[in-house]
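S.K.: sequence and predicted structure, then a few things I'm wondering about:
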Protein chains: 2
Amino acid sequence: MLSQLSGLYGQNLFESVIPFWLRHSIDKEHGGFFTCLDREGQVYDTRKYVWLNGRQVWTLSKLYNSFERRPEWLDAARLGAGFLRRHVFDDQGRCYFSLTREGLPSFYQRKPYGAGFVALGFWEFAKASGEEWYREKALELYARLSGWIANPALLGRPALSGGTASSNLADIYILASLALEIGDLEMLRKCLRDIRLHVDPATGLLHETATLDPSLRKSTPDARLICAGSIFEIYWILGRALRLCPDAEVEALLLRALDAACELAWDQEFGGYLYFIDIDGRPMLQLESDMKLWWVHCEAIYALLRAYLQTGESKWLNRLEAVHNWSWSRFPDPRHGEWFGYLHRDGTLSHTLKGNNYKGCFHVPRMLLYSLLDLQAADGR
Amino acid sequence: MLSQLSGLYGQNLFESVIPFWLRHSIDKEHGGFFTCLDREGQVYDTRKYVWLNGRQVWTLSKLYNSFERRPEWLDAARLGAGFLRRHVFDDQGRCYFSLTREGLPSFYQRKPYGAGFVALGFWEFAKASGEEWYREKALELYARLSGWIANPALLGRPALSGGTASSNLADIYILASLALEIGDLEMLRKCLRDIRLHVDPATGLLHETATLDPSLRKSTPDARLICAGSIFEIYWILGRALRLCPDAEVEALLLRALDAACELAWDQEFGGYLYFIDIDGRPMLQLESDMKLWWVHCEAIYALLRAYLQTGESKWLNRLEAVHNWSWSRFPDPRHGEWFGYLHRDGTLSHTLKGNNYKGCFHVPRMLLYSLLDLQAADGR
């Protein structure tokens, strides 16, 4: 099966996904990337979303750095990086969430992830272009990121006495992603420590939000929230960290969490992985909780591929085959390229768009590229 | 049909809906109302959500003031009003979005609606209890509300150069609701002027967000958004304003908007009203756009009842019958009381909860009570 995947993923990445974004997302007039693209690639919102602009700079630069030095990839990455450089920062050096087509600030989000994705994009682009300014700016953002995470009041979110001190998988994910690139082993060790806070002892699942006060564990919907997609993603990101900072205990807990997430979130009735689940089966606040999202399935595919390559156990290959088949027959659009993003629980399309304010040129091409690279490496062993 | 509705709605209100909230939502220990209640009424999140606490104070006080002076309704309203009085305000007199069970601030939202619903609740409770403090506080909040709407920077949302000056249906709705109670005719006349900004000339629909710069009309998903539920709600709220400030032109535009919203949003395939629609059929950013929500259907029922009572035209009665039948067979829970809130597009349940951070004791009982009162008044004519 794996050799078949390799061919399929290469074809999808280079003939469908990347061409879709290169053809439709690039704003040659003002720079930056449109991400609100309909099924055919028509722009339905000209605003520039910062998470996705940072991520697309990363994707194009990563392709250039790790696959082939195609000038068209670097040129496109430069259009995005330059746009962000000119427009994304406020007077305190924080990042906006969205900009107008021309680059005026449109919305400010009280979260640190925009800055995280800009830093990731800048770092990778600096490697591709050799432009030192982006490397230094990425390091500066990285240096401030931990402070913004620890103290959201710096981003305008007031500290409230009834707030709950907690650790978020998303924070560990973004810090580990950057620390891996930058080679900050101290941070990686901190991430590998912090992940233990998230373990549910009974099931081995990882809480999306871990309350630091154990008496508040599972006390709110947030504290009971399980997002299988986040567990898939953290599994392989921290798997990379473990190569640099080995820790057998964390390795085991990550594999157990992956196993538990697959068991819990696979939909026995309709197939595919459910988006959000309450660990105690209580009601969910998110209206989209039972939908099937492209990124969850991308992360599942890559996590399960890694688990199989790591362990050689057939249960991972069986799960990979199941999620590949389920996803492949529903998400990719053979007619206009790229993947659909959003399905109802029963697998029918709920949205025909290819991109919006949270879906861009990132999860699909990253999964395809990383799978290809890992399969090549495994072949060469 | 109408006399049948009267019996059904009275029974649902007094034997199912209100008993559910009185039995399960009241926190006798700390005051305030739990609203995160599962199908059976069990609390799954003890936080107190401010929109819904204000709204429940309103509902219980309104029942007391307009239907019957039952002490249990006033006592329950007092537990909510007192909790808000003690805990909802920050040091600048703004309202938090959520509080812990004990009343510590948990989350602060950069929107004016929490304050609006607290003001509505306080005003109605002051009428019920005769307690002057609540009346004065409601007036004070009302006086500040227009300023908060006009200048969200006062609520911590920075004014950005790429933001779009616009008018929101939700703002007109909350201001008109309060102005009707308080008898502020000048504000009502302003609301009746502002609604004209929302009209789409081609269809007669009302935009959820009307851009003040006509060149930006329909330029973004926000500016193309149609929410039929908001049109249903604004139809009857401004209908009440028109009794005090007659304006034949606005009366006609509201009836045309109601007609257009019914045509656009009724789901020909599965029945029921879709939640969000793009006026140009472009993709939607909201993942829940094709779901069927309880409040949209409550607002449809009451708006269509009013349209029929106002005009006597059979098309409104036919639509009322259709939405009543569709809703009645899906939303109310005959086993544990109250209504379910969230259905998939095909009408199957997506969530079994009875309340959450946005669904509380408000749209269902308000629709039932107002329908009853209007049917009684029509009977007496």
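M.R.: Cool, got the structure. Residues are numbered from 1 along each chain as shown, chains lettered A, B, ... in the order given.
S.K.: count of residues packed around A:D45?
M.R.: Neighbour count of A:D45, defined by other C-beta atoms under 10 Å in any protein chain shown: 25. The way it works is simple: take the backbone N, C-alpha and C, and place the C-beta from them, glycine included.
S.K.: report how many residues lie close to the closest residue to it other than its chain neighbours.
M.R.: Sequence neighbours aside, A:C36 is the residue nearest to A:D45 in space, at 3.6 Å (criterion: C-beta to C-beta, 6 or more residues apart in numbering or on different chains). With neighbours defined by other C-beta under 10 Å, the count for A:C36 comes to 26.
S.K.: and if you look at the one 3 residues further on?
M.R.: Burial of A:R39 is recorded as 17 neighbouring residues (other C-beta under 10 Å).
S.K.: how far is stretch A:156-175 from where the chain is centred?
M.R.: Relative to its parent chain, stretch A:156-175 has a centroid offset of 18 Å by C-alpha atoms, centre = their mean, to the nearest Å.
S.K.: check stretch A:365-381 too.
M.R.: Mean C-alpha position of stretch A:365-381 versus that of the full chain (C-alpha atoms, centre = their mean) differs by 17 Å.
S.K.: could you dump that stretch to CSV, C-alpha only?
M.R.: Written as CSV, here are the backbone C-alpha positions of stretch A:365-381 (Å, rounded to 0.1, in the frame of the first residue of the first chain):
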residue,chain,number,x,y,z
PRO,A,365,0.4,20.2,1.3
ARG,A,366,2.3,19.7,4.5
MET,A,367,0.8,16.2,5.0
LEU,A,368,1.5,15.3,1.4
LEU,A,369,5.1,16.6,1.5
TYR,A,370,6.0,15.1,4.9
SER,A,371,4.4,11.8,3.9
LEU,A,372,6.4,11.8,0.7
LEU,A,373,9.7,12.6,2.5
ASP,A,374,9.1,10.0,5.2
LEU,A,375,8.2,7.3,2.7
GLN,A,376,11.3,8.1,0.6
ALA,A,377,13.5,8.0,3.8
ALA,A,378,11.9,4.6,4.8
ASP,A,379,12.5,3.3,1.3
GLY,A,380,16.1,4.3,1.4
ARG,A,381,16.6,2.5,4.8
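S.K.: list phi and psi for the closest residue to A:L317 other than its chain neighbours.
M.R.: Take A:L317 and drop its neighbours on the chain: the residue closest to it by C-beta to C-beta, 6+ apart is A:Y308, 4.8 Å away. Main-chain dihedrals, A:Y308, degrees, to the nearest 10: phi -70, psi -50.
S.K.: list the contacts for A:Y308?
M.R.: A:W316, A:L317, A:L320 (C-beta atoms under 8 Å, 6 or more residues apart in numbering or on different chains).
S.K.: how near is the residue nearest to A:D45 to B:E263?
M.R.: Distance of A:C36 to B:E263, given as C-beta to C-beta, to the nearest Å: 27 Å.
S.K.: check A:L285 too.
M.R.: Distance of A:L285 to B:E263, given as C-beta to C-beta: 33 Å.
S.K.: the more surrounded of these two?
M.R.: Neighbour count, other C-beta under 10 Å: between A:L285 and B:E263, A:L285 has more, with 19 against 13.
S.K.: what's near enough to touch A:L145?
M.R.: A:L145 touches A:P112, A:A115, A:G116, A:A119, A:I174, A:L175, A:L178, counting by C-beta under 8 Å, 6+ apart.
S.K.: swap in 7 Å and give it another go.
M.R.: A:P112, A:A115, A:G116, A:A119, A:L175 (C-beta atoms under 7 Å, 6 or more residues apart in numbering or on different chains).
S.K.: check which helix or strand A:L264 maps to.
M.R.: Here A:L264 sits within helix A:248-265, counting by DSSP states H and E.
S.K.: show me what secondary structure element comes after that helix.
M.R.: In N-to-C order, the element after helix A:248-265 by DSSP H and E is strand A:276-278.
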